[in-house]
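Asks: heads up, no residue letters with this:
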């Protein structure tokens, strides 16, 4: 490659020809193989990207392993209490619905709520 072609490619004045379909297919096959290999080995796939990066942890990083384990234990202890509370709420709602239906049945016709009058 001569200096003028190399310079043209570097500054973007000359563009290389697009890849052929066979080259594109080969690239996708290689990537699919890498993904499959990463999945079977249990190792996360690392993608390389253009540019640079600085390894900085996220602000307010999230719970530690110890905190997550403690939260799981607390949640396991509270699940039965949540189930009891939900049963109580459901029974109260059912009783209110029954009471509402019964009270409407006992009202005289003049006191029952009516649908909007039709014109």
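Replies: In hand now; what should we look at? Only a predicted model underlies this, so the values are computations on that prediction, with no experimental measurement involved. Numbers count the residues shown, from 1 in each chain.

Asks: From now on I want contacts and neighbour counts done on CA atoms only, so please keep to that.
Replies: Fine.

Asks: as a whole number, average confidence for the longest helix anywhere in the chain?
Replies: Looking across the chain with DSSP state H, the single longest helix is helix 65-106. Averaged over helix 65-106, pLDDT sits at 86.

Asks: switch to numbering from 52
Replies: That works, and once the first residue is 52, the last one we named lands at helix 116-157.

Asks: Which strands or helices does that helix pack on?
Replies: On a contact count with 3 or more CA pairs under 8 Å, 6 or more residues apart in numbering; DSSP states H and E, helix 116-157 meets no helix or strand.

Asks: how distant is that helix from the center of its chain?
Replies: Computed by CA atoms, centre = their mean, to the nearest Å, the chain-centroid distance of helix 116-157 equals 27 Å.

Asks: how far does stretch 62-82 sit from the chain's center?
Replies: Here stretch 62-82 shows a centroid-to-chain-centroid distance of 33 Å under the convention CA atoms, centre = their mean.

Asks: tell me the mean pLDDT over that stretch?
Replies: Computed over stretch 62-82, the average pLDDT equals 85.

Asks: Any idea how far apart the tips of that stretch sit?
Replies: Stretch 62-82 has an end-to-end distance of 29 Å (CA to CA, to the nearest Å).

Asks: Report the buried residues of that stretch.
Replies: Buried residues in stretch 62-82, counted by 16 or more other CA atoms under 10 Å: none are found.

Asks: where does residue 56 land in three-state SS?
Replies: helix (DSSP: H, G, I helix; E, B strand; the rest coil).

Asks: Which residue, other than its chain neighbours, is closest to it?
Replies: Once flanking residues are discounted, residue 56 sits nearest to residue 65: 7.5 Å by CA to CA, 6 or more residues apart in numbering.

Asks: Residue 141 and residue 148, how far apart?
Replies: Here residue 141 is placed at a distance of 11 Å from residue 148 (CA to CA).

Asks: meant to ask about residue 71, not that
Replies: 70 Å.

Asks: same thing with residue 110?
Replies: Applying CA to CA, the value for residue 110 to residue 148 is 49 Å.

Asks: more crowded one of the two?
Replies: Legend: neighbour count by other CA atoms under 10 Å for residue 110 and residue 148, higher for residue 148 (12 against 6).
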